[in-house]
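Asks: starting from these lines, generate the structure:
(chains A and B)
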Amino acid sequence: MRLFFRVPTVSALLAAVAMTLVLVGCGGAAAKETITVYSGRSKELVEPIIQQFQDATNIEVKVRYGGTSELAATILEEGKNTPADVFWAQDPAGLGAVSPRLTRLPDSLLSQADPRFRSSEGRWVGISGRARVVVYNTQRVKEQDLPTDISGFTDSSWKGRIGWAPTNGSFQAMVTAMRKQWGEEKTRQWLLGIKANEPKAYRDNTSIVNAVGTGEIDVGFPNHYYLFRFLQEKGESFPARNYYLQSGGPGGVILVAGAGVLETSKHKDAAQRFVQFLLSPVAQQYFASQTFEYPVVEGVRTHRLLKPLSDIQSPSIDLSDMTDLEGTLKLLRDVGVL
Amino acid sequence: MVDVSVDRATPRARRVGRAATVPLPPALVWVPAAMVAAAMLLPLAYLLVRTLGAGGEALDLLLRGRTLAVLVRTVLLALAVTGASAVVAVPLAWLTVRTDLPLRRVWSVLTVLPMVIPSYVWGFILVAAFGPRGMLQQMLAGPFGVERLPELYGFTGAMLALVPVTYPYILLSVRAALWGMDPAVEEASRSLGHGGRSTFFRVVLPQLRPAVAAGGLLAALYTLSDFGAVSLLRFESFTQQIYVQYQASFDRTMAALFSLVLVGLTVTLLVAEARARGRARYYRSSGGAVRPPHQVRLGPWRWPALGFFGLVVFFGLMVPISVLAFWLARGVAAGEPLRLVWSAALRSVYASGLAALVTVAAALPVAILAVRYRGRWSGIPERVAYIGFALPGIVVALTLVFFGARYATPVYQTLGLLVFAYMVLFLPQAVGAARASLLQASPRMEEAARGLGSPFLRVLARITVPLVRPGLLAGAALVFLTAMKELPATLVLSPIGFSTLATEVWSAASEGFFARAAAPALLLILVSAGPVAMLTRRQGWHR
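Replies: So this is what the prediction gives:
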């Protein structure tokens, strides 16, 4: 009778693997300062620009990638022992949740970003902007038939043609903007009106844009940049395009991904240098041209396919005013959307 | 006609005397088992800590009609997925173990592989292939003018995405049970005039009951805790409600309360499974050498059997691989660089391999305690082993963040803690398989060896472990495959920069870069095939 593993073979194999991993993991000078970034932004999107920062400075950046909400919850559970120096989040809600744990950023840093795109307490700063848009299927909808305000989609002619993502953070931020600009009652009416049109609830923006492209739905309410990923992968023939609502209503609110430095960080200077770098023209240009997002500082050219920020009729809502997510969730539950 | 149906008190499935004959467990069994149980209780402790702060509002939210409706729907989905999985898995297992089906080895590897595809990737693939306007519709649009396929979303879609991931649980545990089954009983049945079919339904199937129940329990719990597939297929599930809590408000209190409801459901399912399992014993009561089981000649039946296998492998493997290959090809054609992330593959195999070893090692004392020393308390570690598996991955991950960052700072976010997290998440897979095998192995041999003066550890290494080898290997395979695709704990708890194939796939797919997600996803299937082949090969009787 034998043991169920040939012990020498297995342990030799494991030892070899372990050696390889150690060799892969080591290397590099020890004198470097190291900071840890918790990034709710995907590796696909931000790895190149982080690499540029490392090349330009003597600071090594270790990045933990994950979902913004999962990482925010992780930081909260870690408490004062968090290894994170910087939290880089997809949305203001994620930043809002951990903002009690964030340190106040210097004014020199904050002042670089548009006041709309930073925390009023100075605890985080926007890094890149994303506009809420309507995405429509070009084969099934003509652009001129689209309403100028998002309230137009409560018309019964849109019945069965709409997709949305009620569980998604950006969508909920838009509803918060509605409550700010329109008030509770009008927002409730809008939600009920859309609900009466039997919208299909998707998981996220990617799924919405995908569904509009295949013609599963005619219109959807995502952030603007997801479309460009599909155009990149599937070519110009992908039959979906963005439509910017012209009314200046909350349907076209500009949201940000942003970053803050943890109060418990032992490398605050290096961490701030990292945030500073993300606001530099090099990094801002990277976001504008590679991830199709909007720069948050002046003087950076947006991608040629992007409608310039100055041409967008967006409501002037202070993002740090939009922290009342509880109220938004309550409303979404009350009307039976969540 | 003599009835030899195998029920509780047949001569074969003999009860072990009275409770008085059960010896007290040695410290070498109960101490490690208790330690494992303590580890498995960590998530529960965390949830209780977090729920203590919950106010009446949280309770209102839990008790509102919509939440309860979602809960009921989720339970129905779990039952439907489990039933469908059993219907697929039991014939597959029997055909690969007990018949002369051509290419058995190949089939037995291929039919396990669908589970290695993460359920959120299944979600993306199903929508792409069979969505209302997916690839199938595009194919049918030309010749038949099909404008739209019937709605895939909702219950049906969630089932279609979950069955391929869950049926291998039942398949592997039933297969192990078939290997370990004493052929003498079937021979007796046949000699008493029962035909093949009658023997199958009256003798083989009842003996498989614990294996089906053990695998089915895992399938049901997997469905309860899944988030990826259900959310993409637009089925509003209870776990999705938990995720919404984290996602939207970072409200850990509400999420904890909801998670406790899942724990409650798990307890209910455990009780149901224990009932289904009964108190029967399934080992040989007679002495003598064990023969390989009787092999059924399929004759012309091999064609429908092959057709069934073809169908399962087509939907479980060919469809996903084709969709992924299509994405990859389209991306490469559009100028995407082809990135084969071998280092991530290596890390996946390394971490999952360690997880399989550690988890099987932890499962053995738990299973031995539950099976060999049956008493009032001995079954508890085995039962609490299921808590981690039934909870959404993020809850277990945050549990270990909570305890790790506070009380185990030196090991926090190290490989050791990640492997520990995998153990907390996947232990029941190994315990279930080990237990099923132990039930089939007679304790007489162990007793004899001990009676002859062999020390406990030697009996364990020389007798018990070899006897339950099929179960241990099945457990190791399951843990390995699920660890390969694990996401939430890997993201939060791995050493920083430790990307795996699963995180590579997620990182690209979540942003809509399907072409970039395809290569690591294909690699995940490919890399998993090797260990599955090895484990399946070693599961057999010979050697």
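
Asks: what count of nearby residues applies to the closest residue to A:V253 other than its chain neighbours?
Replies: Nearest non-adjacent residue to A:V253, counting by Cβ to Cβ, 6 or more residues apart in numbering or on different chains: A:A177, 4.2 Å away. For every residue, glycine as well, the C-beta is placed using N, CA and C. Look at A:A177: counted by other Cβ atoms under 10 Å in any protein chain shown, it has 26 neighbours.

Asks: which residues of chain A fall in strands?
Replies: Counting by DSSP state E, chain A has strands at residues A:33-39, A:59-65, A:86-89, A:125-131, A:134-137, A:162-164, A:200-201, A:219-220, A:240-243, A:254-261, A:294-295.

Asks: how about JSON lines for these, with mean neighbour count, mean pLDDT and distance to A:L76 added?
Replies: Below are the strands of chain A laid out as JSON lines (neighbours: other Cβ atoms under 10 Å in any protein chain shown; pLDDT from 0 to 100; distance: least, Cβ to Cβ, whole Å):
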{"stretch": "strand A:33-39", "mean neighbour count": "21", "mean pLDDT": "96", "distance to A:L76": "12"}
{"stretch": "strand A:59-65", "mean neighbour count": "19", "mean pLDDT": "97", "distance to A:L76": "15"}
{"stretch": "strand A:86-89", "mean neighbour count": "28", "mean pLDDT": "96", "distance to A:L76": "11"}
{"stretch": "strand A:125-131", "mean neighbour count": "26", "mean pLDDT": "94", "distance to A:L76": "20"}
{"stretch": "strand A:134-137", "mean neighbour count": "24", "mean pLDDT": "97", "distance to A:L76": "33"}
{"stretch": "strand A:162-164", "mean neighbour count": "22", "mean pLDDT": "96", "distance to A:L76": "28"}
{"stretch": "strand A:200-201", "mean neighbour count": "20", "mean pLDDT": "94", "distance to A:L76": "28"}
{"stretch": "strand A:219-220", "mean neighbour count": "26", "mean pLDDT": "97", "distance to A:L76": "32"}
{"stretch": "strand A:240-243", "mean neighbour count": "20", "mean pLDDT": "96", "distance to A:L76": "35"}
{"stretch": "strand A:254-261", "mean neighbour count": "27", "mean pLDDT": "94", "distance to A:L76": "14"}
{"stretch": "strand A:294-295", "mean neighbour count": "26", "mean pLDDT": "92", "distance to A:L76": "29"}
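
Asks: of those strands, which is nearest B:F315?
Replies: The closest of the strands of chain A to B:F315 is strand A:200-201. By Cβ to Cβ, the value is 24.8 Å.

Asks: phi and psi next, for A:P83.
Replies: Dihedral pair for A:P83: phi -80, psi -10, per degrees, to the nearest 10.

Asks: er, B:M181 actually
Replies: Per degrees, to the nearest 10, the backbone of B:M181 is at phi -80, psi 140.

Asks: which residues touch it?
Replies: Applying Cβ atoms under 8 Å, 6 or more residues apart in numbering or on different chains, we find B:M181 in contact with B:204, B:207, B:282, B:293, B:440.

Asks: put together a markdown table for these, with pLDDT on each row.
Replies: Converted to a markdown table, the contacts of B:M181 look like this (pLDDT from 0 to 100):
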| residue | pLDDT |
| --- | --- |
| B:V204 | 84 |
| B:Q207 | 85 |
| B:Y282 | 68 |
| B:P293 | 71 |
| B:Q440 | 79 |
